[in-house]
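Visitor: here is a sequence together with a model predicted from it:
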Amino acid sequence: MMRHDRLTRVGDGSILVRKRFQFAGALVIGALLPWLARGPILPGELFEAASVNTLIGNAIAIVIAFWMRLSIETYPGIRRSYVIFPSALTGHGLTIVYFVLTRFPYDRLALLAGFLLHVFWLYTLYVYAERGVRRRFAVVPFGGIDGLTLIDGVEWKMLSRPRLHDTRGCHAIVADFSEDLPDEWEAFLADAALAGRMVYQVKQLSESLTGRVELEHLSENSFGSLLPARGYFHLKGLIDFLFALLLLPIALPVMAVIAAAIRAESAGPVLFRQKRVGHAGKRITVYKFRTMRPAEVEDERLAAMTSDGDERITRVGRCLRYLRVDELPQIFNILCWQMSWIGPRPEAEVLSVWYTSEIPYYRYRHVVKPGISGWAQVNQGHVAEVGEVHRKLQYDFYYIKYFSPWLDLLILFRTIKTMLTGWGAR
């Protein structure tokens, strides 16, 4: 209990968790310190071109990384520890690319020192001040708030009277704006907003904390627009295609080795082809490495499912599934503009027909291109039963509602973690 109280106090009041302090500290430690080290520690002089360019480059890299963190950390299911290294690596990597392309003079050693000190600073803050801190929300006791207490990892303080003093120690206030609140509670929420306190609508906060959209039916009130941002939709397709094209020379030798291993272990084709449902409900043929022995199954729907400990999975196939590289041939689906790297997984046609008959508006998930990895996969893993599919659909709808490059980047980071741990594989 004492440790929990200490963590809560640190998370609530410490300057260490304030974004401005973290950003200012990163500039001092990751940009200014390597620059001041020129002369006494690092070779060179403070005001020569390479030294000044490196100071500016490290500062810009820290700004880029900070902007990325702020954009990605708004999504649920994310620990800051997952974002620190990738965002810092991206910011400093872009700086190095700029220097290489422009041929401006710079100091490699000072750039490396800036990156390492930047990452060290952020991880130190995370370990000391942020790890284990639980968020606490004050709840206005009216309307549809019953489901909030079922959300894990959050403390809920039910307010008994409309006083700002009672919300001390809480990160924000949550209320059901659709409810007809008493006058004194409406005045309380107005005063809270004027005082600079965060006030959330219960539905949006629930989505943010769970990463799921709770839907009984589709509506303009829930999605704002049923059609995701078309500009990013087309830009993403182009980025997917170009990245697949660049990756192809590296992927082909890897796929050749995998194909040889599959062929050596068991008879049958190397690739598994399956009819699935793609963007706009169009049928596509999805390719993946065969991970199972050929078997006769009378029920076509059961044949499309993979259960825990499925006896059809080969030893090589189990390894491929663990590492998620059995999906690698789908790079050709991306090159054919049928799939994306990130999006709702394309469902087998026979399962899609079944799910559509069981779950209202299941077909809406086809409004974006299917992906090799997706928000449901990094949160839930592999599913097959209707009850699990309903939960997966909520994740898919969340992805569609908040369709953006930042959510895709978060899924990419978590996919890498999933590949390293093998979580959710079957």
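Guide: Arrived safely. Numbers count the residues shown, from 1 in each chain.
Visitor: where in the stretch 251-400 of the chain is pLDDT low?
Guide: Per-residue confidence for the stretch 251-400 of the chain (pLDDT under 70) gives these ranges: 294-310, 382-387.
Visitor: all helices in it, in order from the N-terminus.
Guide: 300-303, 315-323, 331-335, 349-358, 375-380, 386-401 (DSSP state H, counting those that start in this stretch).
Visitor: can you give me every residue that contacts Tyr395?
Guide: Under the criterion of C-beta atoms under 8 Å, 6 or more residues apart in numbering, the contact list for Tyr395 reads Gly211, Arg212, Gly374, Trp375, Ala376, Asn379, Gln380. For the C-beta atoms, the positions are set from N, CA and C on the backbone; glycine is no exception.
Visitor: make JSON lines from those residues and add neighbour count and distance to Leu189 to it.
Guide: As requested, the contacts of Tyr395 are exported to JSON lines (neighbours: other C-beta atoms under 10 Å; distance: C-beta to C-beta, whole Å):
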{"residue": "Gly211", "neighbour count": "21", "distance to Leu189": "26"}
{"residue": "Arg212", "neighbour count": "21", "distance to Leu189": "26"}
{"residue": "Gly374", "neighbour count": "26", "distance to Leu189": "36"}
{"residue": "Trp375", "neighbour count": "29", "distance to Leu189": "31"}
{"residue": "Ala376", "neighbour count": "28", "distance to Leu189": "34"}
{"residue": "Asn379", "neighbour count": "22", "distance to Leu189": "31"}
{"residue": "Gln380", "neighbour count": "18", "distance to Leu189": "34"}
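Visitor: what's the most distant pair in these?
Guide: Farthest-apart pair in the contacts of Tyr395 is Arg212 and Gly374; separation 13.1 Å (C-beta to C-beta).
Visitor: tell me the helices and strands packed up against the helix or strand that contains Phe85.
Guide: Using DSSP states H and E, Phe85 sits within helix 80-102. Counting contacts by 3 or more C-beta pairs under 8 Å, 6 or more residues apart in numbering; DSSP states H and E, helix 80-102 packs against helix 49-72, helix 108-125, helix 405-421.
Visitor: now it and helix 108-125, what's the angle there?
Guide: For helix 80-102 against helix 108-125, the angle by axes from the mean of the first three to the mean of the last three C-alpha atoms, to 10 degrees is 170 degrees.
Visitor: hmm, back to that, of the helices of the stretch 251-400 of the chain, flag the one that's most buried.
Guide: Ranked by mean neighbour count under mean count of other C-beta atoms under 10 Å, the helices of the stretch 251-400 of the chain are led by helix 375-380, which reaches a mean of 24.
Visitor: need the contact partners of that one.
Guide: Contacts for helix 375-380 (C-beta under 8 Å, 6+ apart): 77, 211, 344-345, 383, 388, 391-392, 395-396, 398-399, 407, 411, 414-415, 417-418, 424.
Visitor: state the number of residues packed around the closest residue to Lys19 other than its chain neighbours.
Guide: By the measure of C-beta to C-beta, 6 or more residues apart in numbering, the closest residue to Lys19 outside its immediate chain neighbours is Leu70, 7.3 Å from it. Per other C-beta atoms under 10 Å, the neighbour tally for Leu70 reads 14.
Visitor: close enough to count as contact, Leu70 and Gln22?
Guide: No. Leu70 is beyond contact range of Gln22, at 10.5 Å (criterion: C-beta atoms under 8 Å).
Visitor: off-centre distance for stretch 360-374?
Guide: 17 Å (C-alpha atoms, centre = their mean, to the nearest Å).
Visitor: in PDB, list the C-alpha atoms belonging to it.
Guide: Only the C-alpha atoms of stretch 360-374 are listed here, as PDB (Å, rounded to 0.1, in the frame of the first residue of the first chain):
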ATOM      1  CA  PRO A 360     -24.900  -6.700 -37.300                       C
ATOM      2  CA  TYR A 361     -22.800  -4.400 -39.400                       C
ATOM      3  CA  TYR A 362     -19.900  -6.800 -39.500                       C
ATOM      4  CA  ARG A 363     -19.300  -5.900 -43.200                       C
ATOM      5  CA  TYR A 364     -18.500  -2.200 -42.200                       C
ATOM      6  CA  ARG A 365     -15.000  -3.300 -41.300                       C
ATOM      7  CA  HIS A 366     -14.300  -3.700 -45.000                       C
ATOM      8  CA  VAL A 367     -14.500   0.100 -45.500                       C
ATOM      9  CA  VAL A 368     -10.700   0.200 -45.200                       C
ATOM     10  CA  LYS A 369      -8.100  -2.100 -46.800                       C
ATOM     11  CA  PRO A 370      -7.300  -5.300 -44.800                       C
ATOM     12  CA  GLY A 371      -3.900  -5.500 -43.300                       C
ATOM     13  CA  ILE A 372      -1.200  -8.000 -42.300                       C
ATOM     14  CA  SER A 373      -1.300  -6.600 -38.800                       C
ATOM     15  CA  GLY A 374      -4.000  -4.700 -37.100                       C
END
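Visitor: fine by me, thanks again.
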